[in-house]
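Asker: Let's see this in three dimensions:
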Amino acid sequence: MEILKSGCYGFDFISGDFLPPGKDEYWRRNEQQGADPPLWRKLKAHEIESLVKNGNYCADWNHFLVTDPFDPLLIRNSNFYGLVRFGPLREVFLKHHDFCIPAGIRSSTIISCDVGGDTAIQDCSYISHYIIGSSCVLSRIDEMQTTNHAKFGGGVVMDGESEDVRIWIDVMNEAGGRSILPFKTMIPADAYLWAGFRDDGELAERLKDITQKTWGGRRGSYGTVGSGSVIKSCAVIKDTDIGNCAYIKGAHKLKNITVLSSEDEPSQIGEGVEMVNGIVGYGCHVFYGSKAVRFVMGRNSNLKYGARLIHSVLGDNSTVSCCEILNNLIFPVHEQHHNNSFLIAGLVQGMSNIAAAATLGSNHNSRANDGEIRAGRGFWPGLSVTVKHSSRFASFVLITKGDYPFELNITLPFSMVSNNTKTDRLEVMPAYYWMYNLYALERNSRKSADRDRRKNKVQYIEMDYLAPDTAEEIIAAAGLIQEWMAAAGYSEEPRPVSPRPEIPAEIPAPGLERNDRGSVVLKPREALAAYREMLRYYAVKTLIAFFDSRGDLDFRGMADLLNGPRPLPFTRVYSREKRVTEWENMGGQIVPAFRVDELRKNIREKKITSWEEIHAVYGKWRECYTLDRAGHAWAVLSLLGGKDGERAVSRAAFIKETEAAVEIKKRMTREVYETRAKDFTDPYRLITYRNRAEMNAVAGRPEQNAFVEYARKDFLQFEKTAENTMKRLESSREL
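Answerer: Numbers count the residues shown, from 1 in each chain. This next block holds a predicted model:
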C-alpha cells in the first residue's frame, strides 16, 4: 500500500523519466483530442459557488475546465481530482432503449478525465484517466481506470517495461511455438502469415518489430469511451479502449482490451462477461458469462452462454456458444454451439461447424503438450467425435460419430470419414457431399454469405466450396485414388487383351491414419467420376462468370488472356506456369502461393514496413483474384480435356461444356429439393404430429423451404447467364 500526499492525487500520470523533452504529463491526452480540441475555460465564481452548494468537491477548481454552454446545476454530489475538462453540458435527457437519464454528473468520482458534451455519469465510484465522448451514458461502474502503461490489448511493451510483460497469443500450438502478438487491426490473414510460416524466422521477427513500432513505446495514452456509448452496472473496467456506440451492461471484468465499435457496426458486451488481454472486433456480441483471455475476435463475431475463448483468434462472422476453445486460429464463419464441445491447438480454415460432444485434442497422447490439428474449409466433425493430435483434414470433410483412436491424415476433400468398430477399420467415402448431400454443401456456401454482415469488408472471404484451393485438393485426391486402385490391381483403362476386372466397392487406402489396422476407400469408381464432374462444373462455372463480366472479350480474346503471362505484384517477373497448383488460404482469402511468398520476401527485405501496407497487399490480391481464378479454371478445363498445350479448349468444346454445366446445375437443384423433401416423406418425421396437415402447419412444405427456393432462382440465373454466354460464343472468333 502506497500513501500519497493529497496535492499529488490525480497528477503525475507519467513520471519524469518517461516524458519526452518539452512535454508534460498531458501530451498524449492532448494528442488524442486531435488538432481541433474543445475551447475549454476556467470556471466563473458563481459556477464554483453553485457546484459547491450541490455537494461537489474539487481539490483545485483551477483544474476544473468547462466548455460553453455549461450548466453547473447538472453536477451533484461528486468529487474531482487532477485536471478534468468538460464539453458542453445542457439540460437534456439521454435514452437508450428504455433506460433514460439526464445529462450531467451525479454521485461519482472523476480523476483527470475529459468528458464530452451532454454526457451522463451517475453512481460511478472511480473513473480515472479516461477520455469520454459526447452523448455517453456511464452508470453504476465500480472501477474504471487507465494506467500510464496501458496497451489496450496489444502485444507491445511500453518505455521502461521488460520483455516478460509482453502479451503473446499461442495459436495453433499450446506449446507456444507459433505465438503471435495481438494488435487492434489484426485479421485472421495476419495471424496466419505470422503463425503459419514459422520456418521463416526472419519474417516473424519483422512482424514483431512492425507491431512494436506501430503501437508500443511511449507511455501515457488515456482510455477512451467513444461517443454514443452506454456502460452500466459493471464491476471493473481497466486499461480498456471502447469505440463509438458500444453497449456494455453488467460485465464483471474488462481489462487490457480494445472494444472496436462504430455507429454502423456497434459492439455489445453483456452480463457476467470477463475479458482480459485482447481485441473485440467491430459488430461483436459477447453475452451471458462468456470468458475470453488472450484473444482476438474478428468482425461480426459472437460469444454466448459461458463460452471460453483462450489463446485464440476467432475469425469474422463466427458464433461460439457454451463451449471451450483453446490455442486456436479459426478463419471466418465458424459455428460451435454446444457446452460439451472442446477444440484445442488447431488451425480451422473456415466455413466450419463443430457438433455437440466433439472433443478435438483433449486427449494427450504423448509426454509433451498436445500436437496440432489442421482442418481445411468446411470442417464438420459430427456428434461425439473424438480426434487425437496430430491430425490433418482436407476441405469439407464430415466425420461421423465415434471415437477415433489414431491420428488421421484425411487428404480426400468432400469426404465422409467413419470408424467402423465392427470391422476395426477406418472407412472414407470421397466426394460424399457431391454424391449424396448437395443440400448441405450448397447451403453451407449460402449460409456463409448470408452471415457476412460486415459493413467494412477489410478482407475478401471466399465462400464458394468450389474454388482453386479445393479444385487442387480434388486433383490430388483423384491421383491418390488411382494409385490405390493400381496397387490393388485395378485400372479404369481397358486392358488390350484380357477383360478389365470389375472395380470393387472398396479398396485399401494406406496412409489415412497412424495405424496398420487397415483403412479403405468406399466407392472409388463413383468417387473419381464425382471428382471429375466437380472439376468440370467448377471450371465452366468460373469461366462463364468471367466471360459474362468481360463484355469486351470474345472467345479468342478470353483464351489469349487466360493463356498469357500474368504479372506478379511488386516485381517485373511474369508467371507463365500453365496451372498454379499451390494456393494458400490466407484467413479465408484464397491466394496463389507465389503471391504470399512475394509478400513474405518484401517484409523480410523491409520493402513493406507496416500492417497498413500488408493489408493493402491483401487488397491487391483481391484485384488479381478474378483473373487468377479464371486462369486456373481454364487450365483445369484443359487438364480434363487431356491437353497440356496452350489454347487447349476450342470454342466448340467450350460451348459443349457450357451445355453440360447447365445440366449439372439442373441436377444439383433437383437434388437439393429431393434431399429436403426426404424430411417430409420419412414416416418417422410424422409420428410426433396428429396428422400430415398438422405437420405441414408446423414444419411447412419442402417447396416452401427458403433455401430450396433460393436454389431454384440460382439455377434460373445460371441458365440465363449460360445462354447469353453461348450466344456470344457463337459469334466469337475461333482460336
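
Asker: Just the residues contacting the longest strand seen in the chain, thanks.
Answerer: Counting residues, the longest strand found in the chain (DSSP state E) is strand 230-242. Identification of contacts with strand 230-242 by Cβ atoms under 8 Å, 6 or more residues apart in numbering yields 96, 99, 136-147, 150-153, 223-226, 229, 246-259, 261. C-beta here means a position set from N, CA and C on the backbone, and glycine is covered the same way.

Asker: Strands along the stretch 451-600 of the chain, start to end?
Answerer: 506-508, 519-522, 566-567, 574-575, 583-586, 589-592 (DSSP state E, counting those that start in this stretch).

Asker: in this protein, what secondary structure element scores lowest on mean pLDDT?
Answerer: Within the chain, no helix or strand scores below strand 574-575, which has a mean of 45 by mean pLDDT, DSSP states H and E.

Asker: Would you point out which residue is most central in the protein?
Answerer: In the chain, the C-alpha closest to the average C-alpha coordinate belongs to G315, at a distance of 1.6 Å (Cα atoms, centre = their mean).

Asker: Specify the local secondary structure of the closest residue to that residue other than its chain neighbours.
Answerer: Nearest residue to G315, sequence neighbours excluded (Cβ to Cβ, 6 or more residues apart in numbering): P332, at 3.7 Å. Classification of P332 by DSSP: H, G, I helix; E, B strand; the rest coil places it in coil.

Asker: in its sheet, what does the helix or strand harbouring N419 sit against?
Answerer: Under the criterion of DSSP states H and E, N419 resides in strand 416-420. Strand pairing for strand 416-420, using DSSP bridges, gives strand 398-399 (parallel), strand 425-429 (antiparallel).

Asker: Of those, flag the one that's most buried.
Answerer: When you average the neighbours per residue for each of these (mean count of other Cβ atoms under 10 Å), strand 398-399 leads with a mean of 24.

Asker: Give the next helix or strand downstream of that one.
Answerer: Downstream of strand 398-399, the first helix or strand assigned by DSSP H and E is strand 409-410.

Asker: Quick check: which ranges of the stretch 301-450 of the chain have low pLDDT?
Answerer: Scanning the stretch 301-450 of the chain for pLDDT under 70 picks out the ranges 362-370.

Asker: Repeat that for the chain.
Answerer: Residues of the chain that meet the cut-off, pLDDT under 70, sit at 4-7, 362-370, 492-501, 564-577, 642-648, 733, 735.

Asker: can you do 80?
Answerer: For the chain, the stretches flagged by pLDDT under 80 are 1-8, 361-370, 491-503, 564-578, 642-648, 732-735.

Asker: just to revisit the earlier point, quick one, which of the strands of the stretch 451-600 of the chain is nearest to R41?
Answerer: Across the strands of the stretch 451-600 of the chain, R41 has its closest neighbour in strand 589-592 (51.6 Å, Cβ to Cβ).

Asker: Other residues contacting that closest one?
Answerer: 189, 459-462, 467-469, 580, 582-584, 618, 621-622, 625, 628-629.

Asker: Can you flag which of those residues belong to helices?
Answerer: The helices, defined by DSSP state H, take in A189, P468, D469, Y618, W621, R622, Y625, D628, R629 from the contacts of strand 589-592.

Asker: Tell me which residues touch the last one, please.
Answerer: What that stands for is R629. Under the criterion of Cβ under 8 Å, 6+ apart, the neighbours of R629 are A467, P468, T542, F546, I590.

Asker: Repeat that for the fourth one.
Answerer: Neighbour list for Y618: A189, V458, Q459, Y460, M586, Q589 [criterion: Cβ under 8 Å, 6+ apart].

Asker: which non-adjacent residue is nearest the second one?
Answerer: Nearest residue to V458 in three dimensions, chain neighbours excluded: I187, at 5.9 Å (Cβ to Cβ, 6+ apart).

Asker: unless I'm mixing things up, the one you found is touching M586, no?
Answerer: No: the pair I187 / M586 is not scored as a contact, 9.5 Å apart, by Cβ atoms under 8 Å.

Asker: rewinding a little: CSV please, covering the strands paired with strand 416-420 and showing distance to I279.
Answerer: What follows is these, written out as CSV (distance: least, Cβ to Cβ, whole Å):
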stretch, distance to I279
strand 398-399, 31
strand 425-429, 39
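
Asker: Out of those, flag the one nearest Q717.
Answerer: That would be strand 398-399 among the strands paired with strand 416-420, by Cβ to Cβ, at 28.5 Å.

Asker: would R685 count as being in a helix?
Answerer: Yes: membership of R685 in a helix is supported by three-state DSSP.

Asker: quick one, what contacts it?
Answerer: Neighbour list for R685: D679, M695, A699 [criterion: Cβ under 8 Å, 6+ apart].

Asker: which residues sit in contact with the nearest residue to V520 once chain neighbours are set aside?
Answerer: Of all residues not flanking V520 in the chain, E506 sits nearest, at 4.5 Å (Cβ to Cβ, 6+ apart). By Cβ under 8 Å, 6+ apart, E506 lies in contact with E427, V520, V521, L522, K523, P524.

Asker: do E163 as well
Answerer: E163 makes contact with V157, according to Cβ under 8 Å, 6+ apart.

Asker: So what does it look like in phi/psi?
Answerer: Main-chain torsions, E163, degrees, to the nearest 10: phi -60, psi -30.

Asker: measure it to N256 for me?
Answerer: 17 Å (Cβ to Cβ, to the nearest Å).

Asker: what do you get for I325?
Answerer: 20 Å.

Asker: what about the two, which has more around it?
Answerer: The neighbour comparison of I325 against N256 (other Cβ atoms under 10 Å) goes to I325, with 27 against 20.

Asker: From what I see, the more buried one and S312 are in contact.
Answerer: Yes: between I325 and S312 there is a contact under Cβ under 8 Å: 5.3 Å.
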